[in-house]
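In: I would like to see how this sequence folds:
(2 chains)
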Amino acid sequence: SQQGEEDPQALSIQEGENATMNCSYKTSINNLQWYRQNSGRGLVHLILIRSNEREKHSGRLRVTLDTSKKSSSLLITASRAADTASYFCATGNAGNMLTFGGGTRLMVKP
Amino acid sequence: GAVVSQHPSWVICKSGTSVKIECRSLDFQATTMFWYRQFPKQSLMLMATSNEGSKATYEQGVEKDKFLINHASLTLSTLTVTSAHPEDSSFYICSARGPTSGFAEQYFGPGTRLTVT
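Out: Sure, this is the predicted structure:
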């Protein structure tokens, strides 16, 4: 079953704008990961943040984690048309199992 | 490194037939592989966890007799959809985890699109 919800379900922005996606979850976690999926393709691992971390950066990506609110956000700065994809958060538990959120479909218009 | 392949990338079969999907870790040994199913515009749902040399662990609601999983070697897991029906049409994705611990070490295959007519 899905761990939680992602918000928004769909997001359309202009190239150069920032995109923010949120993920909420229900149970305690060891870590949270973000993945990207281009249409009809497999998943690409973007970034992992551990439960004792609050923020992490990777290039144009910034991820925050608030374990008290059981939520995370993914910020993509200076978006590009190539960033158009679906983005999923996935929570990892003590057993190393991943549970995926519903995903956010991002469209970046050139 | 850490490449996972799936074969075939897409398959069309007739209702009632069986289809086998292969998941291979190309440059590492995968003690654990996972099989997910993804319906259009939906998220990935874990179907089962496959451990090399032992029986697969299925998630609640997944019929083990319909979705046969075999993890015969450290680089290959197969998912066989038996007596396929149109409602089994979906995108099947596998992932593989290496022998060392770490959540980042779950690598995903490109997926297999199954269409049952």
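In: check contacts around the residue positioned nearest the centre of chain B.
Out: For chain B, B:Trp35 is the residue whose C-alpha lies nearest the centre (C-alpha atoms, centre = their mean; 3.5 Å). Neighbour list for B:Trp35: B:Cys23, B:Leu46, B:Met47, B:Ala48, B:Ser50, B:Phe67, B:Ile69, B:Ser77, B:Leu79, B:Tyr92, B:Ile93, B:Cys94 [criterion: C-beta atoms under 8 Å, 6 or more residues apart in numbering or on different chains]. For every residue, glycine as well, the C-beta is placed using N, CA and C.
In: now the closest residue to it other than its chain neighbours, what's its secondary structure?
Out: Spatial nearest neighbour of B:Trp35, chain neighbours left out: B:Met47 (4.6 Å); criterion: C-beta to C-beta, 6 or more residues apart in numbering or on different chains. Following DSSP: H, G, I helix; E, B strand; the rest coil, we place B:Met47 in the strand state.
In: which residues touch B:Met47?
Out: Under the criterion of C-beta under 8 Å, 6+ apart, the contact list for B:Met47 reads B:Trp35, B:Tyr36, B:Arg37, B:Tyr58, B:Glu59, B:Val62, B:Phe67, B:Leu79.
In: For it, give its distance to chain A.
Out: B:Met47 sits 12 Å away from chain A when distances are taken as C-beta to the nearest C-beta, to the nearest Å.
In: Of the contacts of B:Trp35, grab the buried ones for ChimeraX.
Out: In ChimeraX syntax, the buried subset of these is picked out as below (16 or more other C-beta atoms under 10 Å in any protein chain shown):
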select /B:23,46,47,48,50,67,69,77,79,92,93,94
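In: Remind me which helix or strand the residue nearest to the centre of chain B belongs to.
Out: Using DSSP states H and E, B:Trp35 sits within strand B:32-38.
In: shaky segments in the chain?
Out: Because you didn't say which chain, this covers chain A. Residue ranges of chain A with pLDDT under 70: A:1-4, A:95-96.
In: um, chain B though
Out: Chain B contains residues with pLDDT under 70 at B:1, B:98-105.
In: What parts of it come near chain A?
Out: Residues of chain B found near chain A, taking C-beta under 8 Å from any C-beta of the partner chain as the criterion, are B:6, B:32, B:34, B:36, B:41-46, B:49, B:60, B:91, B:93, B:95, B:97, B:101, B:103-104, B:106-111, B:113.
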